[in-house]
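Participant: Quick one, what's the 3D model for this:
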Amino acid sequence: MTSYLIKGVSVLGGEPADLLIRDGVIAAGGRADEVIDAEGLVALPGLVDLHTHLREPGREDAETVETGSRAAALGGYTAVFAMANTSPVADTAGVVEQVWRLGREAGLVDVQPIGAVTVGLAGKQLAELGAMATSAAGVRIFSDDGHCVADPRLMRRALEYVKAFDGIIAQHAEEPRLTEGAQMHEGKVSTRLGLTGWPAVAEEAIIARDVLLAEHVGSRLHVCHVSTAGSVEVLRHAKARGVRVTAEVTPHHLLLTDELAASYDPVYKVNPPLRTAADVQALRQALVDGVIDIVATDHAPHAVEDKECEWAYARPGMVGLETALPVVLSVLGEQWELIAERMSRAPARIAGLTGHGTDLAAGTPANLTLVDPSARRVVDPAGLASRSRNTPYAGTTLPGRIVATFLRGEPTVLDGKAVK
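Facilitator: Numbering: from 1, shown residues only. Have a look, this model is predicted:
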């Protein structure tokens, strides 16, 4: 295995120092086979994404485990968690093991499957949670993302089941009876455009219900893609009571607002929808305060025919793995400790993912990324590694450039380019 001396790098924005990578770990000192001049670069622990859609099996025209893994590595990630809404759905040990093995074969990031909560995401019957947990993939997080586990009795049963092995139910918080036919956030803009609205209370009501269920059961709840100021207050209250709840926010909900829907460009159609400027501000503050624990991309690639069509028929979702860190940098600035906590340490800790999200100290696995904070990048959809191009940032100038990513001491990205 090649050893690397990363010379003059700023670890988490600190004073320049040298990092030596040998035998897959950070070493205390010695010689190296190759030297990387890292003057002006910042080293972060490899990013971890708890919410990625890789589409394989079933929609390889939109993304594969390999192409999504490459996009993740180029975005500075060393581990991603693949959502279950594939075809077939990842609701059995066989399917989650397939995704896990495809990730190992790609070898670009650690791909950890998320299992479905219910059979076929239908919300009627619990899936094989125990079998997925004891499979080679070792699933610990379960989600019907894209669909809400709307039945409270079924949600309670799921929370009770996973408690036995300290698992997590990750909820897509959306009361479906309040969002039928919804096309965007319900508010002034939806009224002006004549589009059916997705009310904030549809998210907030489910979060409120589920934190009460989690508190009653004593189990772990994770709330996916929080998008409203009201949801933040529900979470703040729950955490103050000691409920075992964590939450995520996406980069796009930290930056974009429902005003963009006025263009009728389906690239801005996402679930949950883009909200108001007041919601964006509340989400930013909640992320800083720790009411929201992590940033997760909700990377949602779609084939051209599913996105470049009339707004009403377009599939919701945006690609985000390659732009997540630059967007967060544009929102938070160079708060490297906070970024490392929200995009690496906390997601690894929530998932119980060993070897990721660790401090870059001697003896720790060499999972890290090098960032050039002075660089500026104009987002070109054609230049993305993802198989899909549905980015809302086309033509936007974003700060920061991923220069290198290392997975257990092996480079997956060097000089801003994928190694394989």
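Participant: Helices along the chain, start to end?
Facilitator: With DSSP state H, the ranges of helices along the chain come out as 65-74, 93-106, 129-133, 152-163, 188-193, 200-217, 229-240, 251-255, 277-289, 304-307, 324-332, 336-340, 346-351.
Participant: now the ones you listed as TSV including mean neighbour count?
Facilitator: The C-beta positions use only the backbone N, C-alpha and C, and glycine is treated the same way. Output for these, formatted as TSV (neighbours: other Cβ atoms under 10 Å):
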stretch	mean neighbour count
helix 65-74	28
helix 93-106	20
helix 129-133	20
helix 152-163	19
helix 188-193	14
helix 200-217	21
helix 229-240	19
helix 251-255	23
helix 277-289	17
helix 304-307	16
helix 324-332	22
helix 336-340	19
helix 346-351	22
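Participant: want to throw the ones you listed into CSV with distance to Leu41?
Facilitator: Output for the helices of the chain, formatted as CSV (distance: least, Cβ to Cβ, whole Å):
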stretch, distance to Leu41
helix 65-74, 16
helix 93-106, 26
helix 129-133, 39
helix 152-163, 40
helix 188-193, 41
helix 200-217, 39
helix 229-240, 34
helix 251-255, 22
helix 277-289, 24
helix 304-307, 35
helix 324-332, 13
helix 336-340, 12
helix 346-351, 22
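Participant: Select, out of the ones you listed, the one closest to Asn390.
Facilitator: Asn390 sits nearest to helix 304-307 of all the helices of the chain, at 4.7 Å, using Cβ to Cβ.
Participant: what's the nearest residue to Pro266 once chain neighbours are set aside in contact with, if anything?
Facilitator: Distances taken as Cβ to Cβ, 6 or more residues apart in numbering place Ala314 nearest to Pro266, at 3.4 Å, with adjacent residues excluded. Neighbour list for Ala314: 266, 269, 306-308 [criterion: Cβ atoms under 8 Å, 6 or more residues apart in numbering].
Participant: Same question for Arg236.
Facilitator: For Arg236, the contacting residues are 286, 291, by Cβ under 8 Å, 6+ apart.
Participant: go on, Thr134?
Facilitator: Going by Cβ under 8 Å, 6+ apart, Thr134 touches Ala93.
Participant: Check Tyr268 too.
Facilitator: The neighbours of Tyr268, taking Cβ under 8 Å, 6+ apart as the test, are 256, 260-261, 274, 392.
Participant: where does His377 land on pLDDT?
Facilitator: No, residue 377 isn't His; it's Arg. On pLDDT, Arg377 comes in at 93.
Participant: For it, name its beta-bridge partners.
Facilitator: On the basis of DSSP bridges, Arg377 takes part in beta bridges with Leu398.
Participant: thinking it is in contact with Val403, fair?
Facilitator: No - taking Cβ atoms under 8 Å as the definition, Arg377 is not a contact partner of Val403, at 11.8 Å.
Participant: Pick out whichever of these two has more residues nearby.
Facilitator: Set Arg377 next to Val403 and count neighbours by other Cβ atoms under 10 Å: Val403 wins out with 22 against 19.
Participant: Touching, the more buried one and Val371? I think so.
Facilitator: Yes - Val403 is in contact with Val371 according to Cβ under 8 Å; the separation is 6.7 Å.
Participant: Can you pull the residues that touch both of those two?
Facilitator: By Cβ under 8 Å, 6+ apart, the residues touching both Val403 and Val371 are Leu41.
Participant: Just the C-alphas of stretch 152-167, formatted as PDB.
Facilitator: The C-alpha trace of stretch 152-167 is given here as PDB (Å, rounded to 0.1, in the frame of the first residue of the first chain):
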ATOM      1  CA  PRO A 152     -49.300   5.100  14.100                       C
ATOM      2  CA  ARG A 153     -49.800   1.500  15.300                       C
ATOM      3  CA  LEU A 154     -47.300   0.300  12.600                       C
ATOM      4  CA  MET A 155     -44.900   3.000  13.500                       C
ATOM      5  CA  ARG A 156     -45.000   2.000  17.200                       C
ATOM      6  CA  ARG A 157     -44.400  -1.600  16.300                       C
ATOM      7  CA  ALA A 158     -41.400  -0.700  14.100                       C
ATOM      8  CA  LEU A 159     -39.900   1.400  17.000                       C
ATOM      9  CA  GLU A 160     -40.400  -1.400  19.400                       C
ATOM     10  CA  TYR A 161     -38.900  -4.000  17.100                       C
ATOM     11  CA  VAL A 162     -35.600  -2.100  16.400                       C
ATOM     12  CA  LYS A 163     -35.200  -1.200  20.000                       C
ATOM     13  CA  ALA A 164     -34.000  -4.800  20.600                       C
ATOM     14  CA  PHE A 165     -30.800  -4.100  18.600                       C
ATOM     15  CA  ASP A 166     -30.600  -0.300  19.100                       C
ATOM     16  CA  GLY A 167     -31.800   0.300  15.500                       C
END
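Participant: Nearest residue to the middle of this protein?
Facilitator: The centroid of the chain falls nearest to Ala296 when counting by Cα atoms, centre = their mean (2.7 Å).
Participant: quick one: His299 and Gly120, what's the gap?
Facilitator: From His299 across to Gly120, the span is 23 Å (Cβ to Cβ, to the nearest Å).
Participant: which one of the two has more residues nearby?
Facilitator: Counted by other Cβ under 10 Å, His299 and Gly120 do not tie: His299 has more neighbours, with 32 against 14.
Participant: show me what contacts that one?
Facilitator: 49, 51-53, 68, 71-72, 318-321, 386.
Participant: mind redoing it with 7 Å?
Facilitator: His299 sits next to 52-53, 319-321 when contact means Cβ atoms under 7 Å, 6 or more residues apart in numbering.
Participant: Equivalent analysis for Ala43, please.
Facilitator: Contacts for Ala43 were tallied using Cβ under 7 Å, 6+ apart; they are 6, 9-11, 19, 360, 368, 370.
Participant: bridging residues for it?
Facilitator: Taking DSSP bridges, one obtains Val11, Leu370 as the residues bridged to Ala43.
Participant: Beta-bridge partners for Val48, please?
Facilitator: The bridge-partner assignment for Val48, based on DSSP bridges, gives Ala79.
Participant: That one touches Gly75, doesn't it?
Facilitator: No - in this structure, Val48 is not within contact of Gly75 by Cβ atoms under 7 Å, at 11.4 Å.
Participant: picking up where we left off before, could I get the helices of the chain in a markdown table, plus columns for mean pLDDT and distance to Arg140?
Facilitator: Shown next, in a markdown table, are these (pLDDT from 0 to 100; distance: least, Cβ to Cβ, whole Å):
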| stretch | mean pLDDT | distance to Arg140 |
| --- | --- | --- |
| helix 65-74 | 98 | 19 |
| helix 93-106 | 98 | 11 |
| helix 129-133 | 98 | 7 |
| helix 152-163 | 98 | 8 |
| helix 188-193 | 97 | 38 |
| helix 200-217 | 98 | 16 |
| helix 229-240 | 98 | 21 |
| helix 251-255 | 98 | 24 |
| helix 277-289 | 98 | 24 |
| helix 304-307 | 96 | 31 |
| helix 324-332 | 98 | 23 |
| helix 336-340 | 98 | 22 |
| helix 346-351 | 98 | 7 |
